[in-house]
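A.B. asks: give me a 3D structure for the following:
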Amino acid sequence: MDQYDVVVIGAGPAGLFCALQAGMPGHRILLLEKNKKPGEKLLLSGSGQCNITHDGEIREFLSHYGDQGNQVKPALFGFSNRDLIAFFNEHGLPLISENNDKVFPQTRRSADVLSLLVHECRERGVILKCNEPVHRVNRTTQGFEITSTDASYNGRMVVITTGGMSYPQTGSTGDGYRFSEALGQPLIRTAPALTPLKIRNYPFSALSGISFESMRFTIWRSGIKIADRKGDVLFTHTGLSGPGILDASRNIQAEDEIRLSFVGPLKREEFAADLKKRAEENRNWQLGTLLAAYPIPERLNRKLLLLSKIPPDLKCAHFSTLQRSKLIANCTEFSLIVSELGGFSIAMATRGGVALDGLNMKTMESRIIPGLYFAGEVLDIDGDTGGYNLQAAFSTGFLAAQNIIKNWKIG
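C.D. replies: Numbering: from 1, shown residues only. Model prediction:
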């Protein structure tokens, strides 16, 4: 049975980066991957362009991980977005920041990011074995026994970086949760994250593709408002998507109500006063013309009038108080009921996973089992869109590697 100092299970961004960072002369590191090639999910990142991180101050990242921001703080501060950008720049793959502060490789190719990580692993002596699914991880007196389809390996330390359950076609099928449970590591129930919403009796199917920048919307549950949000929203054939909806989805459940505002920064009272004033000043205008004065796409303009049961050619002079009240409600708080959230096949990330209170988050080592580490999406960490999840993967992988190296030096 082959003996290794570290066995890393899962060759995604967290696993590749942890392995290459831990690579040191005199130490044997094995990286096992179930797929025929490493980094299958990484290749899909940013629609193949790889939104690798976000620009700005690292402290601002903490608010983009839901309730887990403070937990992931040691990893983010230990290896920040600036450190990640510097790493790729120094290794010949410059990164660039877009106007929305998303950071991409200058080549706009996820494949180039993956190629660099694999190259650095090989340069540092990491042994990468693909097409070798791991079935079991058992503790031994010397560390761990890792059993794959083809062989068994002994490792003094193990790092589980198998990802979550989103995009299962890329191999993310929850293997790490199964290993963790068998070892006695506590888990948090998983669910899709960064996922679109399906809407019951959805009225905007014909308007699929219309998007709204910085739309204001609220989330209601059992008649109680639970969140005020603002972000980019996209109409799909079956419901809502776009970064604003995806980021909010971690706090949304089936049967929740989403209320959309189509009138930009105007609040309901402001829009109501402005609409009344314009209608009184332009009594011969048609309602369709009046509504066109607001930042509402023309096709949506017509749909909102139809849903408000107002003829588009109705003159403002005949615009009743009841009609105005209905139109104001539809323009500023259009109500949609969530029937279900998109499943793991279309979700960009996984909510839940390996419980963070079972880990020392300053080292990524298990509090229960010495020598057992975790990094990446297998953890109960899900960030917003915009590069936050990849940054967390690199940062937690780096932190685990640094502690492994520290233990070697002490030993």
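A.B. asks: pretty sure Leu266 sits against Ala273.
C.D. replies: No: applying C-beta atoms under 8 Å as the test, Leu266 and Ala273 come out as separate, 9.4 Å apart. (Glycine included, C-beta is placed from N, CA and C.)
A.B. asks: of the two, who's got more company?
C.D. replies: A direct count of neighbours by other C-beta atoms under 10 Å for Leu266 and Ala273 places Leu266 higher, at 19 against 13.
A.B. asks: so how far is Leu234 from that one?
C.D. replies: According to C-beta to C-beta, to the nearest Å, Leu266 and Leu234 sit 21 Å apart.
A.B. asks: again, but for Leu42
C.D. replies: 24 Å.
A.B. asks: so between these two, which is more surrounded?
C.D. replies: Between Leu42 and Leu234, Leu42 has the larger neighbour count (other C-beta under 10 Å), namely 24 against 19.
A.B. asks: verify the stated contact: the more buried one with Cys50.
C.D. replies: Yes: judged on C-beta under 8 Å, Leu42 makes contact with Cys50 at a distance of 7.1 Å.
A.B. asks: what residues are shared contacts of these two?
C.D. replies: Shared contacts of Leu42 and Cys50, defined by C-beta atoms under 8 Å, 6 or more residues apart in numbering, comprise 110, 113, 390.
A.B. asks: Asn138: what secondary structure?
C.D. replies: Using DSSP: H, G, I helix; E, B strand; the rest coil, the structure places Asn138 in strand.
A.B. asks: residues in contact with it?
C.D. replies: 144-145, 147, 182.
A.B. asks: is it correct that Asp228 falls within a strand?
C.D. replies: Yes: using three-state DSSP, the assignment for Asp228 is a strand.
A.B. asks: is it in a bridge, and if so with what?
C.D. replies: In this entry, Asp228 is beta-bridged to Thr218, by DSSP bridges.
A.B. asks: ditto for Val137
C.D. replies: Beta-bridge partners of Val137, as defined by DSSP bridges: Ile146.
A.B. asks: let me see the contact set for it.
C.D. replies: Applying C-beta under 8 Å, 6+ apart to Val137 gives the contacts 9, 144-147, 158, 160, 179, 182-183.
A.B. asks: can you flag the buried ones in those?
C.D. replies: Buried by 16 or more other C-beta atoms under 10 Å: 9, 144-146, 158, 160, 179, 183, out of the contacts of Val137.
A.B. asks: nearest to Val72 among those residues?
C.D. replies: Checking these against Val72 with C-beta to C-beta, the nearest one is Ile160 at 16.9 Å.
A.B. asks: next, count neighbours for the closest residue to that closest one other than its chain neighbours.
C.D. replies: Closest residue to Ile160 apart from its sequence neighbours, by C-beta to C-beta, 6 or more residues apart in numbering: Gly176 at 4.7 Å. Other residues lying near Gly176 total 28 when counted by other C-beta under 10 Å.
A.B. asks: wait, is Gly176 part of a helix?
C.D. replies: Yes: membership of Gly176 in a helix is supported by three-state DSSP.
A.B. asks: can you tell me what sits against stretch 349-358?
C.D. replies: So stretch 349-358 is contacted by 68, 71, 160, 163-166, 172, 176-177, 180, 185-194, 250, 344, 366-368, 374, 377-383, 389 (C-beta under 8 Å, 6+ apart).
A.B. asks: give me the helices and strands touching the longest helix that the chain contains, please.
C.D. replies: Across the chain, the longest stretch assigned as helix under DSSP state H is helix 388-410. Here helix 388-410 touches helix 13-22, strand 53-54, helix 69-78, helix 81-90, strand 152-160, strand 372-374, going by 3 or more C-beta pairs under 8 Å, 6 or more residues apart in numbering; DSSP states H and E.
A.B. asks: swap the cut-off to 6 Å and go again
C.D. replies: Applying 3 or more C-beta pairs under 6 Å, 6 or more residues apart in numbering; DSSP states H and E, one finds that helix 388-410 makes contact with helix 13-22, helix 69-78.
A.B. asks: could you dump those to TSV with mean pLDDT?
C.D. replies: Below are those laid out as TSV (pLDDT from 0 to 100):
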stretch	mean pLDDT
helix 13-22	97
helix 69-78	96
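A.B. asks: closest one to Phe204 among these?
C.D. replies: helix 69-78 (33.5 Å).
A.B. asks: burial measure for Asp175, as a count.
C.D. replies: Using other C-beta under 10 Å, Asp175 has 21 neighbouring residues.
A.B. asks: touching, it and Thr161? I think so.
C.D. replies: No: the pair Asp175 / Thr161 is not scored as a contact, 10.6 Å apart, by C-beta atoms under 6 Å.
A.B. asks: any idea how far the nearest residue to Asn403 once chain neighbours are set aside lies from His119?
C.D. replies: Spatial nearest neighbour of Asn403, excluding adjacent residues (C-beta to C-beta, 6+ apart): Thr363 at 4.0 Å. Between Thr363 and His119 the distance, using C-beta to C-beta, works out to 27 Å.
A.B. asks: all strands of the stretch 301-411 of the chain, in order?
C.D. replies: In the stretch 301-411 of the chain, the strands defined using DSSP state E, counting those that start in this stretch lie at 334-341, 349-354, 359-360, 365-366, 372-374.
A.B. asks: could you dump these to a markdown table with mean pLDDT?
C.D. replies: What follows is these, written out as a markdown table (pLDDT from 0 to 100):
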| stretch | mean pLDDT |
| --- | --- |
| strand 334-341 | 97 |
| strand 349-354 | 95 |
| strand 359-360 | 98 |
| strand 365-366 | 98 |
| strand 372-374 | 98 |
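A.B. asks: so which of those strands is the most surrounded?
C.D. replies: Highest mean neighbour count of the strands of the stretch 301-411 of the chain: strand 372-374, a mean of 27 (counted as mean count of other C-beta atoms under 10 Å).
A.B. asks: which residues are contacting that strand?
C.D. replies: By C-beta atoms under 6 Å, 6 or more residues apart in numbering, the residues outside strand 372-374 that reach it are 158-160, 354, 364-366, 400.
A.B. asks: thanks a lot, catch you later.
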